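Engineer: after the sequence you'll find the predicted model.
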Amino acid sequence: MSEENTSASTSTTSSLSGEASAAPTVCSLCRAPKIAGNCDLCDSSVCKNCLHFLEESTFSFWEEVPAELTFTNYCSTCQVEHVDPGLEKYQGIMDQAKEVVFAFDTQRRALPILKKSKDKVVIENCVDRDETIMRLAFRAVEQGYTGIIDATVTARKVRNEGYQKSAWTGVGLPANIDIERLNRTNQEI
Ligand SMILES: [Zn+2]
Ligand SMILES: [Zn+2]
């Protein structure tokens with residue numbers, strides 16, 4: 001994610017400059033004489049230093065991406081007010097997701113479960129096994145849980161314009177697990 005953070009704050013020269021004739025001729029933020037494009041959120045015309053590009057996949061783990069974070073071009077103001085806090089929040093969930101206790105349905109030993117979700121989470125069309133597991137974990141954190149239990153992760157072959165690739169599906173039940181008790185019993189074994 002840190003790589004995507006970097007690219008998200010890098011300016012880009014946009015192809016929108018072609019339609020600058022009727023639009024303002026100076027950057028609305030820094031008054032630089034050349035407009036590179038418009039902010040997709042507030043529509044202000046800005047230069048290339050004040051225009052920030054957001055990769056489409058940046059927030060792809062979120063079950064629902066907040067509407068203001070679904071665009072591609074942001075001015076510096078919107079970058080600071082919306083994108084940066086969004087990245088921070090997203091990264092916070094990602095960090096917690098990495099700590100999620102993950103148990104497959106083949107798990108034999110009973111886990112010290114404190115609370116279970118009523119509904120299973122299903123994640124489809126992932127590129128590999130690791131991504132599928134991370135997306136399940138991310139969803140658990142979004143729903144306020146610290147674990148995924150009864151998980152299955154499977155792949156099937158799909159044909160995509162002549163070549164074969166795998167599409168991964170993950171299913172799991174978000175749950176809270178008594179980590180302290182789990183660690184204690186781990187040490188006993
Ligand atoms: Zn500017
Ligand atoms: Zn803006």
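Structural biologist: Alright, I've got the coordinates. Ligands and ions are numbered 1, 2, ... in the order given.

Engineer: tell me the pLDDT at Thr25?
Structural biologist: You'll see Thr25 listed with a pLDDT of 87.

Engineer: one more: the one 5 residues further on?
Structural biologist: In the predicted model, Cys30 carries a pLDDT score of 96.

Engineer: lowest-pLDDT helix or strand in the chain?
Structural biologist: Here the helix or strand of the chain ranked lowest by mean pLDDT, DSSP states H and E is helix 2-8, holding a mean of 45.

Engineer: hmm, the helix or strand just after it in reach of ligand 1?
Structural biologist: Using DSSP states H and E, the helix or strand that follows helix 2-8 towards the C-terminus is strand 37-38. No. If you take Cβ under 5 Å from the ion as the test, strand 37-38 misses ligand 1, and the best it gets is 10.8 Å. (Each C-beta comes from the backbone N, C-alpha and C, glycine too.)

Engineer: parallel or antiparallel, which strands does strand 37-38 pair with?
Structural biologist: If you go by DSSP bridges, strand 37-38 pairs up with strand 45-46 (antiparallel).

Engineer: ok, and what's touching the strand it pairs with?
Structural biologist: Contacts of strand 45-46 from elsewhere in the structure, counted by Cβ atoms under 8 Å, 6 or more residues apart in numbering, are 20, 23-24, 27-30, 35-39, 75-76.

Engineer: got the residues of this structure near ligand 1?
Structural biologist: Residues of the chain lying near ligand 1 (Cβ under 5 Å from the ion): Cys27, Leu29, Cys30, Ala32, Cys47, Cys50.

Engineer: show me the contacts for the nearest residue to Leu29 once chain neighbours are set aside.
Structural biologist: Distances taken as Cβ to Cβ, 6 or more residues apart in numbering put Cys50 closest to Leu29, at 4.5 Å, once the chain neighbours are dropped. Contacts for Cys50 (Cβ under 8 Å, 6+ apart) come out as Ser11, Cys27, Leu29, Cys30, Ala32, Ala36, Cys75, Ser76.

Engineer: top of the residues you listed by number of neighbours, please.
Structural biologist: Neighbour tally across the contacts of Cys50 (other Cβ atoms under 10 Å): the maximum, 25 neighbours, falls on Cys75.

Engineer: next one, pLDDT for Ser17 please.
Structural biologist: pLDDT, read off for Ser17, is 50.

Engineer: quick one: the strands in the protein?
Structural biologist: Assigned by DSSP state E, the chain shows strands spanning 37-38, 45-46, 51-53, 73-75, 101-104, 113-116, 121-126, 147-160, 163-177.
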